[in-house]
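>>> below is the sequence, then the predicted model.
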Amino acid sequence: MIKSMQDLMDFARERGPKTVAVACAQDLDVLKAVTRAKESRVADAILVGDQNKIEALASENSLDLSSFEIINIVDMMEASLKAVELVSSGKAHMVMKGLVDTSIFLKAVLNAEIGLRTGNVLSHVAVFDIKGFDRLFLVTDAAMNIDPDLETKKQIIENAVVVAKALDIEEPKVASICAKEKANPKMPDTMDAAALTEMNEKGELTGCLVGGPFALDNAVSEEAARIKGIEHPVAGKADILLAPDIEGGNILYKTLGFMMFASNAAVIVGAKAPIVLTSRADSDESKLNSIALGVLCAAKLF
Ligand SMILES: CCCC(=O)SCCNC(=O)CCNC(=O)[C@H](O)C(C)(C)COP(=O)(O)OP(=O)(O)OC[C@H]1O[C@@H](n2cnc3c(N)ncnc32)[C@H](O)[C@@H]1OP(=O)(O)O
């Protein structure tokens, strides 16, 4: 089982290299990340974007991009579509968001002709290595599905389980995170959480153990669960934290990254290929980790 970001990198090295097509690669952290991914034999890259800016950034920061193919497309939507097309045509194993707004990039991913849709829900899964815990946490969905209904939440869990399996977590424990641990009809997300737990108990949602509703404390802390008298196999032991909506997921993602300084990696799954999607403000380390996570997910697909 992969228990830390270091393990994740080591496993990606074993299962790589794969090729990543980068949309709007004119971003210093992205260029540092792909250079490090290449050096460590995790991934090769095709850079799509503003070639002048890409080369200027490389020369100002002494980055050697000579082994990468660069495709010069300045328009962000066009560059995103080209990067996606490199994956759908089989020239790359995964696509990565560079310096482009998430919505523009995701519209290219969802494009009906050359996009990467499969008919399943696509959703974002972030992996965090948090000091003081002996396991990785998966947070979903911080970036794609805005206000998922019950069926979408079920598919978001199924997607996160795929990522958990790529991390060799055999039967991941999933906690539906809400503001409290009791279902309350005035708080619809708690009702969805209870319904997801029931689906899992009835065998309609498999490959994982689902519990909830949980408040965050009793999902991650056995002590908090004990004090509150919550008895459930997921209580205090969650691997996957399902956020009620994009606001909750995004706040949790940014809190862990920017206030707890937890190292992280993130991908979108449910598509034909992994989609590496981090925040533009995330570090090169986090972008490198995300490429590595993409490699692990791609290794499961190809
Ligand atoms: C965590 C770090 C990074 C961040 O901080 S990201 C910041 C926050 N994230 C965002 O701003 C993105 C939030 N999401 C969105 O903006 C939109 O949902 C998104 C993904 C761009 C799609 O919006 P639109 O292009 O307007 O799409 P739409 O709803 O009209 O749908 C177009 C077609 O795509 C399909 N679609 C949309 N979301 C999907 C999904 N999750 N999985 C699978 N298919 C999906 C949708 O069914 C529709 O299909 P069809 O064309 O009717 O056949």
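In hand now; what should we look at? Numbering: from 1, shown residues only.
>>> contact residues of the stretch 1-150 of the chain facing the ligand?
By C-beta under 6 Å from any ligand atom, the residues of the stretch 1-150 of the chain that approach the ligand are 102-103, 106-107, 110, 112, 117, 121-122, 142-146. Quick note: C-beta positions are derived from backbone N, CA and C, even for glycine.
>>> which one among those gets closest to residue 181?
Checking these against residue 181 by C-beta to C-beta gives residue 142 as the nearest, at 21.9 Å.
>>> picking up where we left off before, taking the residues of the stretch 1-150 of the chain next to the ligand together, which two end up most distant?
112 and 142 (25.4 Å).
>>> and residue 190, helix, strand or coil?
For residue 190, the assignment made with DSSP: H, G, I helix; E, B strand; the rest coil gives helix.
>>> isn't it right next to residue 196, touching?
No: assessed by C-beta atoms under 8 Å, residue 190 is found out of contact with residue 196, at 10.8 Å.
>>> just the buried residues from the residues of the stretch 1-150 of the chain next to the ligand, in ChimeraX please.
Buried subset of these, written as a ChimeraX selection, criterion 16 or more other C-beta atoms under 10 Å:
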select :106,121,122,142,143,144,145
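>>> for the residues of the stretch 1-150 of the chain next to the ligand, give me CSV that also has pLDDT.
Putting those into CSV (pLDDT from 0 to 100) gives the following:
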residue, pLDDT
102, 91
103, 92
106, 95
107, 96
110, 96
112, 94
117, 95
121, 97
122, 97
142, 96
143, 94
144, 95
145, 97
146, 97
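>>> dump the residues of the stretch 1-150 of the chain next to the ligand to JSON lines, plus distance to residue 175.
Converted to JSON lines, these look like this (distance: C-beta to C-beta, whole Å):
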{"residue": "102", "distance to residue 175": "25"}
{"residue": "103", "distance to residue 175": "29"}
{"residue": "106", "distance to residue 175": "26"}
{"residue": "107", "distance to residue 175": "31"}
{"residue": "110", "distance to residue 175": "29"}
{"residue": "112", "distance to residue 175": "35"}
{"residue": "117", "distance to residue 175": "29"}
{"residue": "121", "distance to residue 175": "19"}
{"residue": "122", "distance to residue 175": "22"}
{"residue": "142", "distance to residue 175": "15"}
{"residue": "143", "distance to residue 175": "19"}
{"residue": "144", "distance to residue 175": "20"}
{"residue": "145", "distance to residue 175": "18"}
{"residue": "146", "distance to residue 175": "21"}
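>>> show the contacting residues for residue 299.
15, 16, 18, 166 (C-beta atoms under 8 Å, 6 or more residues apart in numbering).
>>> in space, what's closest to the first one - neighbours in sequence excluded?
Closest residue to residue 15 apart from its sequence neighbours, by C-beta to C-beta, 6 or more residues apart in numbering: residue 299 at 4.0 Å.
>>> hang on, residue 162 in a helix?
Yes: counting by three-state DSSP, residue 162 is found in a helix.
>>> I'd guessed it sits against residue 296; true?
No: counting by C-beta under 8 Å, residue 162 stays clear of residue 296, with 10.6 Å between them.
>>> okay, those two: which has more neighbours?
Comparing residue 162 with residue 296 by other C-beta atoms under 10 Å, the one with more neighbours is residue 296, at 27 against 17.
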